[in-house]
Structure formats: C-alpha cells, structure tokens
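>>> Next comes the sequence, and after it the predicted model I'd like to discuss.
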Amino acid sequence: MSGQQHCEVPEIFTKRVTRQLMPEELESRILRFLSSRQVCVLSTCRDNQPRSTPILFRSKGFTLYMAGEPGRKLGNIKINPKVSVGIFDPKAEFSDDIHDITGLQISGHAKLIGKDDPGFMEAFGLFDRPEAWARHWYGMMIEVVPDTIELLSMALKREEYAARQIWTSPSS
C-alpha cells in the first residue's frame, strides 16, 4: 500500500443521523454555548469585500453584543447590517478527537449603538467594565440579533442526533 496503513474509517464519518433535537433542548444548548464563550469572529461585507474580525462578545439570550472600536467593521455595518458570526470551542484545536468539534454559525442583523442611544449602558455593562470607562470610550456597541443559528457538534452523533442543528428566530 505504498507507505499508507490500512485502517477502518471511523463510524463518525459514515454514520448518517438526521434526528433533530427538540426546539427547547436546541435553544438550551445554544444558550449554554454562548454563555461559555467570549470571543467570536464577526463577518461584515461592503461592495462584495468581506471582512472578518475576531472580537470580544457577550450575550443576552440569543442576542450578541460586541464593543466595536472605530474601523471598517463599523463602516460596513452602517452600509450593510447583514452579518455572520462564527464561534467555536477551542478545545477541538488541541484535540485529536473529532467529537470535540463544536461551534455556532450565526446569520443576523447588526445595529450600532452609540453612547447617547438607548440601551448603550446596558450593553456596555455586560462587559463588567467600570461605568466611567464608557464616558471616555470612542467606540460603539454592536448588537447582533440572529435570524438563524447553526449548531455544529460532532458529539451529537453519539447521542443519535444530527451533528448540524438549526435554530430559526420566531420573528424571521
């Protein structure tokens, strides 16, 4: 076999599972995952030029908040509020176990919240920074309201569920 060893393909690659989680269970798993992470990648687009930015976030329910420093991402959102957010569990990066691969892909709409806008201090407060910092900060809060959230968790196959689960906002 010219240097390659013969080995069986792991069941996780061949196992076809389509069973979906109950909506309440899916929501619970998504909310737990969101509350356990603090960094995401925010993707914006202008003139067909995508831009992805690693950024700190906090969540309140399914809504994400990011503290955005002035830059292209804020300009892109002003022109095109459609965004995508990727969040993954970094454990998989240092693991050989494919079951550790877990992440969220969020498609939604972003809104910029300035210091004088309603909700700014509430969003700023999610980051546990002194309120006095807000007076001197020159950025904006980014609020992302999801339309859909795709949960990918290879470990779900162990529970006889499809690895890809999709949540859709009731308002979509």
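Received, thanks.
>>> can you count the residues close to residue 75?
13 (other CB atoms under 10 Å). Heads up, the C-betas are built off the backbone N, CA and C, glycines and all.
>>> Could you pull up phi and psi at it?
Reported as degrees, to the nearest 10, the phi and psi values for residue 75 are phi -60, psi -40.
>>> Test my guess that it contacts residue 46.
Yes. Counting by CB atoms under 8 Å, residue 75 touches residue 46, with 7.0 Å between them.
>>> so where's the chain uncertain?
By pLDDT under 70, the low-scoring segments of the chain are 1-6, 9-15.
>>> which one's the longest helix in it?
In the chain, assigned by DSSP state H, the helix with the most residues is helix 23-36.
>>> quick one: buried residues of it?
26, 29-30, 33-34 (16 or more other CB atoms under 10 Å).
>>> for stretch 42-57, same thing?
Here stretch 42-57 shows 42-45, 53, 55, 57 as buried, counting by 16+ other CB under 10 Å.
>>> Run a quick neighbour tally on the closest residue to residue 154 other than its chain neighbours.
Distances taken as CB to CB, 6 or more residues apart in numbering put residue 101 closest to residue 154, at 4.6 Å, once the chain neighbours are dropped. Neighbour count of residue 101, defined by other CB under 10 Å: 18.
>>> list the contacts for residue 101?
For residue 101, the contacting residues are 88-89, 92, 152-154, by CB atoms under 8 Å, 6 or more residues apart in numbering.
>>> at 7 Å what do you get?
Counting by CB atoms under 7 Å, 6 or more residues apart in numbering, residue 101 makes contact with 92, 152, 154.
>>> State the phi and psi torsions of it.
phi -70, psi 120.
>>> Quick check: it vs residue 32, distance?
Separation of residue 101 from residue 32 (CB to CB, to the nearest Å) stands at 17 Å.
>>> again with residue 132
33 Å.
>>> Then residue 26?
11 Å.
>>> Contacts for the longest strand anywhere in the chain next, please.
Of all segments of type strand in the chain, defined using DSSP state E, the longest is strand 140-153. Here strand 140-153 makes contact (CB under 7 Å, 6+ apart) with 26, 29-30, 62-68, 74, 77, 83, 85, 101-114, 120, 123-124, 163-169, 172.
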